[in-house]
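K.L.:
I would like the atomic coordinates for the input below:
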Amino acid sequence: MHRWWLLASLAFSLVAFAGDEPAHTAPLDVRNFLVKQGCDEVVDFYSEQDVVGQPYVYGIGSLIDEGPLMRDFTFVAWCVRDHDYQVVADLGGRAWPGGCRFPIRGFDFAGSLTITDSGRGILIRSERDGLVVTIRCDAGQWVRQASD
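P.N.:
Next up is the predicted model:
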């Protein structure tokens with residue numbers, strides 16, 4: 001009987017400890033990169049209803065290299081630094097086409113990220129609550145276009 005109580009106590013302690021782990025919105029490799037950049041993950045990303053998508057997207061290197069998406073863990077992700085939402089990127093040593101640099105600062109919110117190749121360059125698209133912000137690199141400068 002004493003062993004049963006001891007095992008039950010241990011199991012409860014482990015469950016309680018696991019329950020103390022904060023909810024994450026990004027995989028460990030993305031979170032570790034954000035820490036190196038001096039910013040935090042967007043932990044309240046899923047705090048609203050009907051949020052579809054993720055605050056990060058993998059496969060950027062494949063688009064830059066124009067190659068197949070084969071185990072490409074390069075990414076673009078949202079982070080927060082001093083109440084400012086920013087887009088950061090781990091490009092695996094590649095440069096962004098057009099010469100733009102990360103982070104991209106000055107956003108009021110973080111939306112679900114997608115990346116597309118438009119033929120005019122790679123576009124970063126963020127969508128939240130019907131508002132779409134498209135970001136592209138033009139001659140070394142980030143250009144944003146918002147629509148709803």
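
K.L.:
now the strands for this protein?
P.N.:
For the chain, strands defined by DSSP state E occupy the ranges 56-58, 75-81, 84-90, 104-107, 112-117, 122-128, 131-138, 141-147.

K.L.:
can I get those strands in CSV with distance to residue 68, mean neighbour count and mean pLDDT?
P.N.:
In short, each C-beta sits where N, CA and C put it, glycine included. What follows is the strands of the chain, written out as CSV (distance: least, C-beta to C-beta, whole Å; neighbours: other C-beta atoms under 10 Å; pLDDT from 0 to 100):
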stretch, distance to residue 68, mean neighbour count, mean pLDDT
strand 56-58, 14, 22, 94
strand 75-81, 17, 23, 96
strand 84-90, 19, 21, 96
strand 104-107, 27, 15, 95
strand 112-117, 13, 16, 93
strand 122-128, 16, 20, 94
strand 131-138, 23, 17, 94
strand 141-147, 27, 12, 95
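
K.L.:
which stretch among these comes nearest residue 47?
P.N.:
Comparison of the strands of the chain against residue 47 by C-beta to C-beta identifies strand 122-128 as nearest, at 11.4 Å.

K.L.:
list the residues that contact residue 123.
P.N.:
115, 116, 117, 134, 135, 136 (C-beta atoms under 8 Å, 6 or more residues apart in numbering).

K.L.:
test of understanding: give the bridge partners of the fourth one.
P.N.:
Beta-bridge partners recorded for residue 134 (DSSP bridges): residue 125, residue 145.

K.L.:
still on that earlier bit, got a markdown table for the contacts of residue 123, with distance to residue 59 too?
P.N.:
Formatted as a markdown table, the contacts of residue 123 follow (distance: C-beta to C-beta, whole Å):
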| residue | distance to residue 59 |
| --- | --- |
| 115 | 7 |
| 116 | 11 |
| 117 | 11 |
| 134 | 18 |
| 135 | 17 |
| 136 | 17 |
